[in-house]
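Novice: I'd like to go over a predicted model; first the sequence, then the structure.
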Amino acid sequence: MKLTALTKILEENQDSAIFMMLPNGEFIPEHFHVTEVGRIHKKFIDCGGIERENVVCSLQIWTAQDLEHRLVSGKLAKILKIGEKVLGKEDLLVEVEYGTDVASTYLLSEVEITPSGLLFILVGKQTDCLAPDKCGVSNCGTGSSTTCC
């Protein structure tokens, strides 16, 4: 999901609770905090020698012991507005960083409007070969290889 679509949904549902569902169907505890809004710019060379860039909006999620904390959609919209200082004006894909023992990064796939609030559906990121035509490895491009060279 892109940042402008997310912001629009948040602003149109100002008082809605936010629920975040991980790829395994479990939910991030409802008392989570958004501790960072960031712009991540990754510049790299793929295994075929092609220079590439990827820029995303990253939301870091953290849970504490204050079980009464609840972030509503209007507050998250305000946090994103403040984040424009570092995000810029591009319509970036939104990623969510979360983990209890190890931080993992998920893509924000979609947001569903439900009677209980806004349901953020997170999906896992996968590695893949970006240059299967140059690698000559038979499983490139299938998602089963993390490197081809």
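Specialist: Arrived safely.
Novice: longest helix of this protein, counting residues only.
Specialist: helix 73-87 (DSSP state H).
Novice: quick one: buried residues of it?
Specialist: Applying a neighbour-count criterion of 16 or more other Cβ atoms under 10 Å, the buried positions in helix 73-87 are 73, 76-77, 79-80, 83, 87. All C-beta spots, glycine's among them, are computed from the backbone N, C-alpha and C.
Novice: contacting residues for the most centrally placed residue in the chain?
Specialist: Residue closest to the average C-alpha location in the chain (Cα atoms, centre = their mean): residue 95, at 1.4 Å. Taking Cβ atoms under 8 Å, 6 or more residues apart in numbering, we find residue 95 in contact with 40, 56-59, 105-108, 125.
Novice: which among the residues you listed end up buried?
Specialist: Buried among those by 16+ other Cβ under 10 Å: 56-59, 105-108.
Novice: possible to save those as TSV with distance to residue 27 and pLDDT?
Specialist: Below are the buried ones among the contacts of residue 95 laid out as TSV (distance: Cβ to Cβ, whole Å; pLDDT from 0 to 100):
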residue	distance to residue 27	pLDDT
56	23	98
57	22	98
58	20	98
59	16	98
105	18	96
106	13	97
107	17	98
108	15	98
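Novice: hang on, the earlier thing: now the contacts of residue 95 as a markdown table including distance to residue 22 and secondary structure?
Specialist: Below are the contacts of residue 95 laid out as a markdown table (distance: Cβ to Cβ, whole Å; DSSP: H, G, I helix; E, B strand; the rest coil):
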| residue | distance to residue 22 | secondary structure |
| --- | --- | --- |
| 40 | 20 | strand |
| 56 | 18 | strand |
| 57 | 19 | strand |
| 58 | 16 | strand |
| 59 | 14 | strand |
| 105 | 12 | strand |
| 106 | 7 | strand |
| 107 | 12 | strand |
| 108 | 12 | strand |
| 125 | 13 | coil |
